[in-house]
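*Asks:* Compute the structure for the input listed below.
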Amino acid sequence: MERLSHSRMYRATDRLKPKSSKELLEFKSSCRSSKLMNKSKELREEWAEVKEERALRLHDELDSQEK
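*Replies:* Reported below is the predicted structural model:
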């Protein structure tokens with residue numbers, strides 16, 4: 001009998017696929033990585049809004065100082 005290496009012994013095959021259960025889906029949705037996955041995108045968008053708002057305020061302030 002051929003001895004399998006440790007990694008090959010536990011490797012999934014095409015015939016073995018995990019089934020999605022209600023509990024598994026709940027677990028995946030509650031994982032911290034899932035919650036924070038889009039956080040960087042949200043922060044980037046918020047930062048862009050803040051920068052735009054500050055640029056508009058600065059522009060208005062400079063216009064008022066010119067007058």
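*Asks:* where are the low-confidence patches of this structure?
*Replies:* 1-19, 34-35 (pLDDT under 70).
*Asks:* what about 90?
*Replies:* Applying pLDDT under 90 to the chain flags the ranges 1-42, 66-67.
*Asks:* So which residues of it form helices?
*Replies:* Ranges of helices in the chain, per DSSP state H, are 6-9, 22-30, 32-36, 39-66.
*Asks:* want to throw these into TSV with mean neighbour count?
*Replies:* For the C-beta atoms, the positions are set from N, CA and C on the backbone; glycine is no exception. Shown next, in TSV, are the helices of the chain (neighbours: other Cβ atoms under 10 Å):
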stretch	mean neighbour count
helix 6-9	8
helix 22-30	9
helix 32-36	9
helix 39-66	10
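*Asks:* show me what contacts residue 54?
*Replies:* Contact partners of residue 54, counting by Cβ atoms under 8 Å, 6 or more residues apart in numbering, are absent.
*Asks:* Against residue 22, how distant is it?
*Replies:* Applying Cβ to Cβ, to the nearest Å, the value for residue 54 to residue 22 is 46 Å.
*Asks:* Same check on residue 52?
*Replies:* From residue 52 to residue 22 the distance is 43 Å (Cβ to Cβ).
*Asks:* Check residue 51 too.
*Replies:* Going from residue 51 to residue 22 by Cβ to Cβ gives 43 Å.
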